[in-house]
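Trainee: this one's sequence-less:
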């Protein structure tokens with residue numbers, strides 16, 4: 001009498017092949033995910049670089065616009081030695097009989113700029129030129145004066161400053177204005193900036209930077225002979 005073998009389970013000869021295929025698929029998926037993550041990081045880095053370049057161009061344009069406004073004001077009779085005094089404003093204060101505001105909408109020397117938030121350092125809480133630091137001199141003011149190298153102490157330059165900028169924007173400004181490497185450290189302050197720089201940016205690699213531009217020479221009246 002023959003025994004029936006139908007009660008025994010058949011051998012699964014393809015089980016090992018299926019497991020291998022699954023492992024191979026998991027490896028492919030992991031590689032794709034890693035490649036996508038790397039590409040995404042590269043894309044973000046490229047976007048950040050382009051944004052810094054665009055913001056640097058904006059700041060340089062603001063500097064050029066202010067230069068044009070200063071030139072027009074001087075052509076209208078403003079004495080260069082008055083640029084760094086309290087008689088010339090770059091803030092929200094209205095012009096008066098004793099003070100000229102270059103942002104005065106009636107005079108139209110310069111239109112007050114609205115900076116993109118992406119250009120400003122996170123520590124900056126207000127837009128440039130909207131506070132009370134638009135007059136006089138000092139390290140944090142919008143106007144400063146600096147001695148002209150080799151020209152004597154009575155000859156100075158009027159310099160416009162725009163603080164509160166991101167360090168990467170500052171570096172891009174120096175790349176465009178002074179042909180330095182984008183990896184170069186920022187000058188620590190205005191004094192540390194090379195004497196031949198007529199505009200540029202100073203600060204640190206981890207905090208807000210300050211744009212500057214020389215807008216007039218002979219900003220201090222010479223001594224009477």
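Mentor: Looks like it arrived, so ask away. Note that the coordinates shown come from a computational prediction; the quantities given were computed from them, not determined experimentally.

Trainee: Under the pLDDT cut-off, which ranges of this protein? List them.
Mentor: 1-17, 19-20, 24, 26-27, 30-45, 47, 84-86, 123-125, 131-155, 220-225 (pLDDT under 70).

Trainee: again, 90 this time
Mentor: Along the chain, segments meeting pLDDT under 90 span 1-49, 78-101, 108, 112, 121-164, 189-196, 204-208, 214-225.

Trainee: how about the strands in it?
Mentor: 88-89, 100-101, 143-147, 156-165, 199-202, 209-217 (DSSP state E).

Trainee: Next, format the ones you listed as JSON lines and append mean neighbour count and distance to residue 76.
Mentor: For glycine as for every other residue, the C-beta is placed from the backbone atoms N, C-alpha and C. Shown next, in JSON lines, are those (neighbours: other CB atoms under 10 Å; distance: least, CB to CB, whole Å):
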{"stretch": "strand 88-89", "mean neighbour count": "22", "distance to residue 76": "12"}
{"stretch": "strand 100-101", "mean neighbour count": "20", "distance to residue 76": "9"}
{"stretch": "strand 143-147", "mean neighbour count": "18", "distance to residue 76": "19"}
{"stretch": "strand 156-165", "mean neighbour count": "23", "distance to residue 76": "16"}
{"stretch": "strand 199-202", "mean neighbour count": "24", "distance to residue 76": "24"}
{"stretch": "strand 209-217", "mean neighbour count": "22", "distance to residue 76": "14"}
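
Trainee: closest to residue 108 out of the ones you listed?
Mentor: strand 100-101 (11.4 Å; CB to CB).

Trainee: strand partners of that closest one, parallel vs antiparallel please.
Mentor: Looking at strand 100-101 with DSSP bridges, its partner strands are strand 88-89 (parallel).

Trainee: residue ranges of the helices in this structure, please?
Mentor: Remark: helices assigned in the chain by DSSP state H are 15-75, 167-178.

Trainee: For residue 126, which of the strands of the chain is the nearest?
Mentor: Between those, strand 156-165 lies closest to residue 126; by CB to CB that is 8.1 Å.

Trainee: what packs against the closest one?
Mentor: helix 15-75, strand 143-147, strand 209-217 (3 or more CB pairs under 8 Å, 6 or more residues apart in numbering; DSSP states H and E).

Trainee: Before I go, just wanted to say thanks for your time.
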